[in-house]
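In: coordinates only, sequence not included:
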């Protein structure tokens, strides 16, 4: 995940930037009174994103659907687009 996306996600969920360090930014969640550090890399591993969110006691960003994605899924089902195969599968013939 991009660092900018993670920071944006943390700010949307009520976290505040507490201070800037040499190679990390420290975020604070006033609702849970918890802190966590976010490294200054362009890409942050998904496991580290999950740990940061767990430390701050907010939902994992990988499992939340964004509004554009929910609209997309609603439009797909409304328009009749389905992921199911259009023809039933035929059984595999047995070799004698």
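Out: Yep, that arrived. Computed from a prediction, not measured in an experiment: that's the story for all the values here.
In: got the contact list for residue 14?
Out: Applying Cβ atoms under 8 Å, 6 or more residues apart in numbering to residue 14 gives the contacts 29-31, 58. (Each C-beta comes from the backbone N, C-alpha and C, glycine too.)
In: now list the buried members of those.
Out: 29, 58 (16 or more other Cβ atoms under 10 Å).
In: and the furthest pair within the contacts of residue 14?
Out: 30 and 58 (11.8 Å; Cβ to Cβ).
In: if I pick residue 53, what's in contact with it?
Out: The neighbours of residue 53, taking Cβ under 8 Å, 6+ apart as the test, are 10, 59-61.
In: and the helices in this structure?
Out: 3-12, 46-56, 67-79 (DSSP state H).
In: what angle do the shortest one and helix 46-56 make?
Out: Right, the one you point to is helix 3-12. Helix 3-12 runs at 20 degrees relative to helix 46-56, counting by axes from the mean of the first three to the mean of the last three Cα atoms, to 10 degrees.
In: helices and strands around helix 3-12, which ones?
Out: On a contact count with 3 or more Cβ pairs under 8 Å, 6 or more residues apart in numbering; DSSP states H and E, helix 3-12 meets strand 34-39, helix 46-56.
In: any idea of the mean pLDDT in that helix?
Out: For helix 3-12, mean pLDDT rounds to 94.
In: repeat that for stretch 37-49.
Out: Mean predicted lDDT for stretch 37-49 stands at 93.
In: that older thread, who wins for neighbours among the contacts of residue 53?
Out: Counting neighbours by other Cβ atoms under 10 Å, residue 10 leads those with 24 neighbours.
In: from what I see, that one and residue 38 are in contact.
Out: Yes: assessed by Cβ atoms under 8 Å, residue 10 is found in contact with residue 38 at 7.5 Å.
In: now the common contact residues for these two.
Out: Here residue 10 and residue 38 have 27, 52 as joint contacts, going by Cβ under 8 Å, 6+ apart.
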